[in-house]
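# Sequence and predicted model, in that order:
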Amino acid sequence: MKIQRSVGRKIIFCIGLFASLLYVAPFFLVLLDSFKPKYDILANPLGWPTQFTLDNFQQAMQKMNFFRSLVNSIVITLFSVSILIILSSMLAYYLARTKNRFTKTTFLILVASMIVPFQALMIPFMSIFAQFVSLNNRIALIFFYQGFGVALSTFLYHGFISKIPSEIDEAASVDGANDFTIFWRIIFPMLRPITATVAIVNSLWIWNDFLLPRLVLTRETQTLPLSTYLFYGQYSTQYGQAMAGLVLAVIPIIAFFLFLQKQFISGLSSGAVK
Amino acid sequence: MSQQKRARHRKRFLTFGAIPLSIFLAVLVYPFVQGFFLTFTNWNGFKFTKLSGFDNYIKSFKDPAFWTTLGFTLKFVLVSLILVNAVAFGLALLVTAKLKSSNIFRTFFFVPNLIGGVVLGVIWQFIFNTALVSIAGKFNLPFFNDSWLNDTNKAFWALIIVTVWQSSGYMMIIYITGLISIEQDLLEAAKVDGASPIRMLYSIKMPLMAQSFTIALFLTMRGGFMAYDVNLALTGGGPYRTTELISMHIFQEAFAFGHFGTGQAQAVLMFFMVAIAALLQVIVSKRMEVQQ
């Protein structure tokens, strides 16, 4: 019995190992090829580099405006997510604590809106907001993310706030605090776990989003996914540089993930199940 | 309701609800409703001069390219739904099998999910167009001799492979959450009663985590209909617009060809497909949850 079990374990381990290799192989291949000169990639795309070169990285960094796009991505993600946290936690607090027909209907509409794909309204959306976009496209984009992200974030906060007893609010209210103070001083600090979830779910979405930024941003304000796509389109035959560009595009988010791995996994699982 | 209470509610609405709700209305609700209305006019992207009934819908259905896209999209949604969830559930079982290396495996399976579809699509474009072709030439593998992306049928499977690779890690997390929430006592009891591992999986674990299946299936279904990034970066719709999923088709229709009316009509149809699929799913999973 015991021997049988350990054999079973070894088989499971081997399957796991094989599957893991399959999952990381594409990244490994790109990383390997990013250090090779072009002829080396064509001669042996899978082999170890016969001569290491960092040239590709230097070229790619320059041509895809790596640092500018990185800063754009960071600024847009940071502002969008922070504002989203503020707005949706406040909205959720209002909807969870004030029970009347209006708040109930509003909450239902928010939940229902989550099945609407962006593509279903993309065309009128662009014609309505074209002028706003031309004014300042980064601010416009951050504004749009509030509208598209508020439903899910409010929903996540709502579930969490409903579990906090309202006696806490009432006690503070008796002590003379107004609603605004009660929320920011007492309730919001208690929301930390769900705030982490909201931050992670939205950061991943906004960091990687492509379609909306493609419609809204220009060359100067483009984010990392946009500049990667354009760069690859232009230089895809310069294999080495293209691969280096992909490595650069992937590094920031992977580094961020490895740094906060525990929070990521627990945040995403509680975000998905609610 | 007393005057005072009403005043307090109004104040609360203005402090907490007014700003996010107006943004939500302006950004999402208004364009959505307007988009509906515009499909019944001769809108050209800027203005409309008259109502046109169902013209835009009729035009869409008369366009053979739209039917190609529709068929291709439905096939893609169905196949990716099945494969993503099968793989994700398998991975979740594997990772929860209490191996020492579970955490590392989980990380590896999850990593593709961190990266946007465009970057993933481009990576695989290189693999299919260059790496595999070059290997095929070396080792004489006729299967990869010609890039998969040059053939509609093989390009479909290329899209599926990339999609499964990308989203199975996320769905795996959902299934892991479901699996570990099952009470250990139940499993112990079943084991004492002599239930085989496979029997336990079918009769105990899977019914008890029905909710995880509902969520994962809904997310993959919606993701399938909305898929754009991987489609654009991997096949770009080619060869000859035969691998265009509905998102890309709508985008092209409106922003490349300037057919705003028909593009929006197709977008509305897409919304209804997602809504109906979601509704069916809710009905089916409610029934499953009742059965337990």
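All right, it came through fine. These numbers come from a predicted model, not from an experiment. Numbering: from 1, shown residues only, chains lettered A, B, ... in the order given.
# quick one: contacts for the closest residue to A:F160 other than its chain neighbours?
Using CB to CB, 6 or more residues apart in numbering or on different chains and skipping residues adjacent in sequence, the residue nearest A:F160 is A:I194, 4.1 Å away. Every residue, glycine included, has its C-beta placed from N, CA and C. A:I194 makes contact with A:156-157, A:159-160, A:270 under the criterion CB atoms under 8 Å, 6 or more residues apart in numbering or on different chains.
# Quick check: which element contains A:I194?
helix A:192-208 (DSSP states H and E).
# Grab the CA positions of that helix and hand them over as CSV.
The C-alpha coordinates for helix A:192-208 follow below in CSV (Å, rounded to 0.1, in the frame of the first residue of the first chain):
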residue,chain,number,x,y,z
ARG,A,192,-7.4,46.2,4.0
PRO,A,193,-7.7,42.5,2.8
ILE,A,194,-10.3,43.3,0.2
THR,A,195,-8.5,46.5,-0.8
ALA,A,196,-5.5,44.3,-1.6
THR,A,197,-7.7,42.1,-3.8
VAL,A,198,-9.2,45.1,-5.6
ALA,A,199,-5.8,46.6,-6.2
ILE,A,200,-4.3,43.4,-7.6
VAL,A,201,-7.3,42.4,-9.8
ASN,A,202,-7.5,45.9,-11.3
SER,A,203,-3.7,46.4,-11.7
LEU,A,204,-3.4,43.2,-13.7
TRP,A,205,-6.3,44.3,-15.9
ILE,A,206,-5.1,47.8,-16.5
TRP,A,207,-1.5,47.0,-16.9
ASN,A,208,-2.2,44.5,-19.6
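# mind listing the strands for the stretch 151-292 of chain B?
Counting by DSSP state E, counting those that start in this stretch, the stretch 151-292 of chain B has no strands at all.
# Spell out which parts of it neighbour chain A.
The stretch 151-292 of chain B has residues B:165, B:169-170, B:173-174, B:176-178, B:211-212, B:215, B:219, B:222, B:225-226, B:228-229, B:232-233, B:246-247, B:250-251, B:254-255, B:260, B:263-264, B:267-268, B:270-271, B:274-275, B:278 near chain A, with proximity defined as CB under 8 Å from any CB of the partner chain.
# Quick one: buried ones out of these?
Neighbour counting by 16 or more other CB atoms under 10 Å in any protein chain shown classes B:165, B:169-170, B:173-174, B:176-178, B:211-212, B:215, B:219, B:222, B:225-226, B:228-229, B:232-233, B:246-247, B:250-251, B:254-255, B:260, B:263-264, B:267-268, B:270-271, B:274, B:278 among these as buried.
# I'd like the list of these that fall within helices, please.
B:165, B:169-170, B:173-174, B:176-178, B:211-212, B:215, B:219, B:222, B:225-226, B:229, B:232-233, B:246-247, B:250-251, B:260, B:263-264, B:267-268, B:270-271, B:274, B:278 (DSSP state H).
# Might you report the residue contacts of the residue in the stretch 51-200 of chain B that chain A sits nearest to?
Per CB to the nearest CB, B:G116 is where the stretch 51-200 of chain B lies closest to chain A, at 3.2 Å. For B:G116, the contact set (CB under 8 Å, 6+ apart) comprises A:207-210, A:225, B:229.
# and these, which two are the farthest apart?
Greatest spacing in the contacts of B:G116, by CB to CB: A:W207 and B:D229 (12.9 Å).
# Tell me which residue of the stretch 51-200 of chain A lies closest to chain B.
Chain B sits closest to A:G147 of the stretch 51-200 of chain A, with a gap of 2.4 Å, by CB to the nearest CB.
# list the contacts for that residue?
A:G147 makes contacts with B:23-24, B:26-28, as judged by CB under 8 Å, 6+ apart.
# Inside helices: which ones of those?
Going by DSSP H, the helices hold B:23-24 from these.
# Using CSV, lay out the contacts of A:G147 together with neighbour count, pLDDT and distance to chain A.
Below are the contacts of A:G147 laid out as CSV (neighbours: other CB atoms under 10 Å in any protein chain shown; pLDDT from 0 to 100; distance: CB to the nearest CB, whole Å):
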residue, neighbour count, pLDDT, distance to chain A
B:I23, 21, 97, 5
B:F24, 25, 97, 5
B:A26, 17, 96, 7
B:V27, 22, 95, 2
B:L28, 23, 96, 5
